[in-house]
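J.: 3D, please:
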Amino acid sequence: MKRLLSVFLAFLFVMSCFSFAAAENYTVNEELSGKVVIWDWDGSGNRKIAEQFNKYFPNVTIEVVDVAWGDYMEKLQSSLISDLDVPDILLGEGWRGQLFEMGICENLEQEPYNLNRADMVDSSVPLMCDPNGNVVGVEMQVATAGFAYKRSMAKELLGTDDPAEVGAMISDWESFKKLGQEILEKTDGRVKMMPSLGDVLLVASNQSAKPFIDGDTVDISSRMKYAVDTAIEMRDAGIIGTNEIDSASWYAAYASYDYLFYEAASWCASLVIPPNAADTAGDWAVCKGPGNSFTVGGTSVSIYSGSKNKEAAWEFIKFGYFSEIGGDFMYQNIGNYSCYKPYYESSYAPFSIEGPFDAFFGGQSLINFYTTTLTQDAPNAPKTRYDSLIDTTLRKLSTTYMKDTSIDAEKALSMFVEEIQLNSLDATVK
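T.: Numbering: from 1, shown residues only. Okay, the predicted model is just below:
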């Protein structure tokens, strides 16, 4: 999700245009007081939530402190050592597994929080669990993912722009490959299926619920074999572009008509595609990708176990991220989809309300697609302290695999194992 940092500011002005529905579930609480500190690399969302929160909890001060995304864990670890300035609310992304393994996040299923994991969108639960299976956070946004495409290209090349029909044409990776080869022939080699081999690796690696940790071993071979085999097969079929994932050319590819599909998590549909392809508004749709659904990115929100303001911190988290009223506010003002399942069955249910970015996607109900269709079979494994390294390695090696086509699937997998072992000298990697 790091890629959204470069584009989020460009879209803040759009977010300010949507209103907040009348409150139904909250009354003013003047008894609760205290100061809750949140570290955030882009605090605009939490500051917006804080404004609404203070209408009901006027004596709680919410302080959002800006901490650079790349410095977050280092700053947290330094603060823990010195026992100074540790925030009450902690956020986690690629380092989420490391954060959860540190044992410094409150178990939200215990007193006084009593979170019921049955109230959480099913695909979110594994992502919020520590190594002992305890829920220690809630998701800032459901981050299930599909394949975005331009409707005009789909009509021209596939004969339809309907998401269900397009998704059926790429129901598995074999179908995806065959369609890609047909399109190559039809367009004299101009149109590829995706901009980057990194996209294929990222998608396929997230289509598994198999954990990376097997006892005391980091099991790269079992978890990544399917992803690496798939990526090399798509590369050898000649249907994938040569852009490096997250590079300038990769971002520019969204506005191009040389690629048919783009992996698109829910946050990409609001924060990545519109800013990078503004002139194509209304020409987009999202379908299900090959095989089962998958999740990309997402942000965890947790309470620091040493906080002196746990009650106020929990009230803020509940209000913003685990309530009907919070789900409504996020949908209309921030563009995120709540992980709080009862929200989708409440009077705030959003399925009949046009979302902030639905028009950009040709009127498609994005929240319906991302939180209903894609969550039905999106497998997720608990996060580990190795996830950030694995993600970095995936992005690095995808470029190498693309440039050196002599690397076969077996060699590609062994390179992945070697790279992880080189950077994890304290672990056994296989």
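J.: gap between the closest residue to residue 255 other than its chain neighbours and residue 358?
T.: Leaving aside its sequence neighbours, residue 255 sits nearest to residue 277 (CB to CB, 6 or more residues apart in numbering; 4.4 Å). For glycine as for every other residue, the C-beta is placed from the backbone atoms N, C-alpha and C. For residue 277, the distance to residue 358 (CB to CB, to the nearest Å) stands at 16 Å.
J.: Give me the most central residue, the protein.
T.: residue 297 (2.6 Å; CA atoms, centre = their mean).
J.: give me phi/psi at that residue?
T.: The phi/psi pair for residue 297 (degrees, to the nearest 10) reads phi 80, psi -150.
J.: and what of residue 38?
T.: Here is the backbone geometry of residue 38 (degrees, to the nearest 10): phi -120, psi 130.
J.: what sits against it?
T.: Neighbour list for residue 38: 46, 62-65, 87-89, 91 [criterion: CB atoms under 8 Å, 6 or more residues apart in numbering].
J.: Any quick PyMOL command for the buried ones out of these?
T.: Buried residues among the contacts of residue 38 (16 or more other CB atoms under 10 Å), as a PyMOL selection:
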select buried, resi 46+62+64+87+88+89+91
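J.: re earlier: next one: the residue nearest to residue 255 from residue 90, what distance?
T.: Using CB to CB, we find residue 277 at a distance of 34 Å from residue 90.
J.: One more: residue 265?
T.: Counting by CB to CB - residue 265 and residue 90 are separated by 22 Å.
J.: So for residue 277 and residue 358, which sits in the more crowded spot?
T.: Counted by other CB atoms under 10 Å, residue 277 and residue 358 do not tie: residue 277 has more neighbours, with 21 against 17.
J.: got a list of what that one touches?
T.: 254-255, 284.
J.: Quick one: the helices in the stretch 1-150 of the chain, in order.
T.: 8-15, 44-56, 72-82, 96-101 (DSSP state H, counting those that start in this stretch).
J.: if you compare the ones you listed, which one is most tucked away?
T.: Counting by mean count of other CB atoms under 10 Å, helix 96-101 has the highest mean neighbour count of those, with a mean of 23.
J.: Please list the residues outside it that contact it.
T.: 73, 76, 90, 92, 105, 127, 129-131, 136-137, 300, 302, 382-388.
J.: Now the buried members of those residues.
T.: For the contacts of helix 96-101, buried by 16+ other CB under 10 Å: 73, 76, 90, 92, 105, 127, 129-130, 136-137, 300, 302, 382-388.
J.: need the contact list for the closest residue to residue 136 other than its chain neighbours.
T.: Nearest residue to residue 136 in three dimensions, chain neighbours excluded: residue 105, at 3.9 Å (CB to CB, 6+ apart). Contacts for residue 105 (CB under 8 Å, 6+ apart) come out as 90, 99, 130, 136-137, 302-305.
J.: want to throw these into TSV with pLDDT and distance to residue 365?
T.: Output for those, formatted as TSV (pLDDT from 0 to 100; distance: CB to CB, whole Å):
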residue	pLDDT	distance to residue 365
90	98	33
99	95	34
130	93	34
136	98	32
137	97	28
302	98	31
303	98	33
304	97	37
305	96	40
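J.: which one of those residues sits closest to residue 374?
T.: Among those, residue 137 lies closest to residue 374 (CB to CB), at 21.1 Å.
J.: Hmm, residue 298 and the closest one touching each other?
T.: No. Applying CB atoms under 8 Å, one finds residue 137 not in contact with residue 298, separated by 10.3 Å.
J.: correct me, but residue 379 touches residue 211?
T.: No. Contact criterion CB under 8 Å: residue 379 and residue 211 do not qualify, at 11.0 Å.
J.: what's the neighbour count on residue 210?
T.: With neighbours defined by other CB under 10 Å, the count for residue 210 comes to 12.
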